[in-house]
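Q: structure, please.
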Amino acid sequence: MHPPTCIPHPCQPKPLGHALRALLAATLGMAAAQVDAASPVLDRIQQRGTIVLAHRESSVPFSYLDGSGKPVGYALDLCLRLADVVKRKLNLQALKVEYLQVTPADRIAAIAEGRADLECGSTTNNAERREKVAFTVPHYITGARYMVRADSPITVLSQFEGRKLVSTKGTTPLKAIDKANRDGLLRIQILEAPDHARAVEMVEKGEADGFAMDDVLLYGLMAGRPDPGKLKVVGKFLTIEPLAIMLSKDDAAFKRLADDEMKRMIQSGDARRIYERWFLQPIPPKNTALNLPMNYLLRDFWKYPTDQVPN
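A: Purely as a prediction, here's the structure:
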């Protein structure tokens with residue numbers, strides 16, 4: 001027997017025709033686009049017609065309650081701009097904004113569990129937190145320093161030896177001073193406060209000798225006290241803290257939308273104008289200005305805005 005011939009068709013398949021290849025590429029592209037566009041957060045917002053913004057009680061000027069109990073602040077204004085982009089993206093005629101007050105202890109869970117869509121406050125982007133949530137482009141870069149009474153002789157961390165130093169529960173400055181205390185064998189008695197306002201009160205009342213927190217928050221808290229002159233901020237930066245809006249780590253499409261708008265606001269100058277509104281102009285509840293020009297850390301970082309930060 002003779003081996004079978006390959007007539008009328010060749011034994012080897014011909015390459016795909018141009019038309020078929022184009023059709024296949026288009027089909028695969030559409031499928032990829034559908035997968036890429038999937039967004040649980042956007043779906044949730046569209047179904048409810050509501051976006052939920054998590055805010056803080058006393059993180060002045062980022063996110064706090066004004067004299068009437070209304071949530072306001074620099075980070076909230078940025079979040080409201082992001083909400084506008086979401087509204088346009090979803091082609092909604094109206095998008096209701098709801099607010100959820102959170103604390104340092106429960107803010108991460110609020111995002112991870114889907115109880116809030118954005119956390120608009122003064123949360124540091126670090127590797128430990130990125131295991132549970134994601135962050136957009138930083139809106140501020142600061143560092144931890146110390147608030148003490150105006151008559152205190154303390155100027156550096158080592159002078160808290162044998163004294164009481166408070167920080168807010170669930171914050172990176174609390175972890176930083178705890179580590180520095182152990183590493184330096186300083187014998188500092190470290191106290192935890194439930195929120196920033198209580199920590200300031202502890203310093204004013206002599207229950208603590210100092211309050212360790214991001215310096216910008218310390219200045220904001222001082223400005224809201226009945227007698228700001230009784231307090232002062234001292235010390236070198238113990239940490240460098242890139243503060244950013246927090247969002248779900250399981251939603252790449254929603255994060256990309258937020259990142260793109262943050263970069264647009266930074267590059268257009270909109271973000272700087274919002275910054276000046278909260279850091280250079282009078283703010284509620286006392287209509288006093290913090291008078292804090294943008295520091296070189298944030299100014300340099302915003303030259304090439306990114307969500308990537310040093311760990």
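
Q: where does the stretch 1-150 of the chain dip in pLDDT?
A: 1-37 (pLDDT under 70).

Q: break down the protein into its helices, ranges please.
A: 18-37, 40-48, 74-89, 107-112, 127-130, 172-184, 196-204, 215-223, 252-268, 270-279, 296-301 (DSSP state H).

Q: give me whichever of these is most buried.
A: helix 215-223 (a mean of 24; mean count of other CB atoms under 10 Å). (Glycine included, C-beta is placed from N, CA and C.)

Q: contacts for that one?
A: 58-62, 64, 122, 140, 142-147, 196-197, 200, 211, 213, 228, 231, 233, 237, 286, 288, 290, 292 (CB atoms under 8 Å, 6 or more residues apart in numbering).

Q: could the helices of the chain be laid out in a markdown table, adding distance to residue 153?
A: Output for the helices of the chain, formatted as a markdown table (distance: least, CB to CB, whole Å):
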| stretch | distance to residue 153 |
| --- | --- |
| helix 18-37 | 59 |
| helix 40-48 | 50 |
| helix 74-89 | 33 |
| helix 107-112 | 35 |
| helix 127-130 | 35 |
| helix 172-184 | 19 |
| helix 196-204 | 15 |
| helix 215-223 | 18 |
| helix 252-268 | 41 |
| helix 270-279 | 30 |
| helix 296-301 | 29 |
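
Q: and these: which comes nearest residue 151?
A: helix 196-204 (11.9 Å; CB to CB).

Q: and that closest one, what does it pack against?
A: Judged by 3 or more CB pairs under 8 Å, 6 or more residues apart in numbering; DSSP states H and E, the packing partners of helix 196-204 are strand 58-59, strand 144-149, strand 164-168, strand 189-193, strand 210-214, helix 215-223, strand 231-234.

Q: can I get those in a markdown table with distance to residue 46?
A: As requested, these are exported to a markdown table (distance: least, CB to CB, whole Å):
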| stretch | distance to residue 46 |
| --- | --- |
| strand 58-59 | 30 |
| strand 144-149 | 40 |
| strand 164-168 | 35 |
| strand 189-193 | 39 |
| strand 210-214 | 35 |
| helix 215-223 | 35 |
| strand 231-234 | 44 |
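
Q: tell me the contacts of the nearest residue to residue 241 once chain neighbours are set aside?
A: Leaving aside its sequence neighbours, residue 241 sits nearest to residue 124 (CB to CB, 6 or more residues apart in numbering; 4.5 Å). Listed by CB under 8 Å, 6+ apart, the contact set of residue 124 reads 171, 172, 214, 241, 242, 243, 244.

Q: now swap in residue 294 and tell me
A: So, once contact is read as CB under 8 Å, 6+ apart, residue 294 ends up touching 272, 275, 279.

Q: separation between the residue nearest to residue 241 and residue 53?
A: 19 Å (CB to CB, to the nearest Å).

Q: over to residue 204?
A: With CB to CB as the criterion, residue 204 and residue 53 are 31 Å apart.

Q: next one: residue 88
A: For residue 88 relative to residue 53 (CB to CB), the value is 17 Å.
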